[in-house]
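>>> Sharing a model prediction with you, sequence too.
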Amino acid sequence: MRYLVIVIACLCLFLLPLEIIKKIPPKAIESTPVNSSACPPVMISVEGLDKPLELEQYIMGVVQAEMPSTFNIEALKAQAIAARTFALKTTNFGATSIKPTISHQAFISPSERKPPPNITQAVTETTSQILTYDNELITAMFFSTSNGKTESAQGYSGNEIPYLISTDSVGDTLSPKFSQKKIFTLKEWNDAFGFSWTDDHFKALVLKPNESQRIEKMSTIKRDWTGREIREILGLPSTDFEINASNPNLITVSTKGYGHGVGMSQYGANAMAEQESNAEAILNHYYPKTKIKNLQSIQVGCLKP
């Protein structure tokens, strides 16, 4: 009898919770709802626009502004990935605004653009793809045309960055901006520098190139400038320049390349694409040691698997 009482008591302890659970409304026992969106949308604020744009819509405007639509689709894809990475890095995932100019990235607003099908394809097929180094966004610098080699971050700013090194960039000679000349009268030259040059200044002129054949330093009598300073003073397209002052009243400056030279050459990327390199190969060439990942893998606030 004593054992029977114990058994009945145990059954009661087991069955009572089941009865309580049956009486609880179904919604009360559902698990805590999970955010159906894996990541919050990234919105990009462009200076001059009233409202922020969804990231991919912004990238559509950048690719159309930055690269000719006649370029190979793989070059356009590489540009989309680089531009997306640059935008996220510059704005801290949309926390700050970005300029619609070459000081950041050129951009065509939605009201002014109608992207060709290949640009839409390039952006769509690379949606959310970004470049990383050590699982962080890289500084994905790019420019129009190299002089045959890209510039390193060390050569450009004095700061060494492992994925922004000097590398060969063949095919840039096809760019209409590869080789240019700019001619100055002596007055224009003197006005640009802010002092009067003499024959002795031109005779003492020395140009010191760096590894990528861009001018690291220019010197004359008691005067020194960096190549970047000369580019700004004379309004040159590149820091790879030569100066012909055989006629000091008419000075000719010849340049190779267009842009700062760091990162991906757009014309070089297209040349690689025309030789059947895909976007990943192009990006690996211009940004060595980097990896293509999905934005969701590093974005704060994303639900990770």
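Thanks, I have the structure now. Numbers count the residues shown, from 1 in each chain.
>>> quick one: secondary structure of I251?
strand (DSSP: H, G, I helix; E, B strand; the rest coil).
>>> Now do the buried residues in stretch 93-105.
Judged by neighbour count (16 or more other C-beta atoms under 10 Å), stretch 93-105 contains these buried residues: F93, G94, S97, I98, P100, H104, Q105. Just so you know, the C-beta spots here come from the backbone N, C-alpha and C atoms, and that holds for glycine as well.
>>> looking only at pLDDT, what's the mean for stretch 298-305?
The average pLDDT for stretch 298-305 rounds to 70.
>>> buried residues in stretch 159-171?
I161, Y163, L164, I165, S166, T167, S169, G171.
>>> Out of the residues you listed, which is nearest to T239?
Of all the buried residues of stretch 159-171, T239 sits closest to S166, with 12.9 Å by C-beta to C-beta.
>>> list the contacts for the closest one?
Residues near S166 by C-beta atoms under 8 Å, 6 or more residues apart in numbering: K149, T150, E151, S152, G155, E211, S212.
>>> Sort out which of those are buried, if you could.
Buried members of the contacts of S166, scored by 16+ other C-beta under 10 Å, are K149, T150, E151, S152, G155, S212.
>>> Tell me who's in contact with the fifth one.
It refers to G155. Contacts of G155 were listed using C-beta under 8 Å, 6+ apart, and they are S166, N210, E211, S212, R214, E216.
>>> 10 Å - rerun?
Contacts for G155 were tallied using C-beta atoms under 10 Å, 6 or more residues apart in numbering; they are L164, I165, S166, N210, E211, S212, R214, E216, G227, T239, G261, V262.
>>> Just the ones of those residues in helices?
Assigned to helices by DSSP state H, the following of those qualify: G227.
>>> what would the contacts of G155 look like in JSON lines with pLDDT and distance to I119?
Shown next, in JSON lines, are these (pLDDT from 0 to 100; distance: C-beta to C-beta, whole Å):
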{"residue": "L164", "pLDDT": "98", "distance to I119": "26"}
{"residue": "I165", "pLDDT": "97", "distance to I119": "29"}
{"residue": "S166", "pLDDT": "97", "distance to I119": "30"}
{"residue": "N210", "pLDDT": "96", "distance to I119": "35"}
{"residue": "E211", "pLDDT": "94", "distance to I119": "35"}
{"residue": "S212", "pLDDT": "96", "distance to I119": "30"}
{"residue": "R214", "pLDDT": "98", "distance to I119": "31"}
{"residue": "E216", "pLDDT": "97", "distance to I119": "37"}
{"residue": "G227", "pLDDT": "98", "distance to I119": "34"}
{"residue": "T239", "pLDDT": "98", "distance to I119": "30"}
{"residue": "G261", "pLDDT": "98", "distance to I119": "25"}
{"residue": "V262", "pLDDT": "98", "distance to I119": "24"}
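>>> Serialize the contacts of G155 to a markdown table and add fields for distance to P176.
Shown next, in a markdown table, are the contacts of G155 (distance: C-beta to C-beta, whole Å):
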| residue | distance to P176 |
| --- | --- |
| L164 | 26 |
| I165 | 27 |
| S166 | 24 |
| N210 | 26 |
| E211 | 26 |
| S212 | 21 |
| R214 | 20 |
| E216 | 27 |
| G227 | 23 |
| T239 | 19 |
| G261 | 17 |
| V262 | 21 |
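>>> Of the contacts of G155, which pair is most distant in space?
I165 and G227 (18.0 Å).
>>> Would you map the helices across the stretch 1-150 of the chain?
Using DSSP state H, counting those that start in this stretch, the helices assigned to the stretch 1-150 of the chain run over residues 2-23, 55-66, 73-91, 117-125.
>>> cool, the stretch 151-300 of the chain as well?
Counting by DSSP H, counting those that start in this stretch, one finds helices in the stretch 151-300 of the chain at the ranges 153-157, 186-193, 199-203, 227-234, 266-274, 279-286.
>>> The fifth one relative to helix 55-66, how many degrees between them?
Read it as helix 266-274. Between helix 266-274 and helix 55-66, the angle comes out at 100 degrees (axes from the mean of the first three to the mean of the last three C-alpha atoms, to 10 degrees).
>>> One more: the fourth one?
Going by the same axes, to 10 degrees, helix 227-234 is angled at 70 degrees with respect to helix 55-66.
>>> can I get the CA coordinates of helix 227-234 in CSV?
Extracted in CSV, the C-alpha atoms of helix 227-234 (Å, rounded to 0.1, in the frame of the first residue of the first chain):
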residue,chain,number,x,y,z
GLY,A,227,56.0,65.2,-56.5
ARG,A,228,52.5,65.5,-55.0
GLU,A,229,53.1,69.2,-54.3
ILE,A,230,54.3,69.8,-57.9
ARG,A,231,51.3,68.0,-59.3
GLU,A,232,49.0,70.3,-57.3
ILE,A,233,51.1,73.5,-58.1
LEU,A,234,51.0,72.8,-61.9
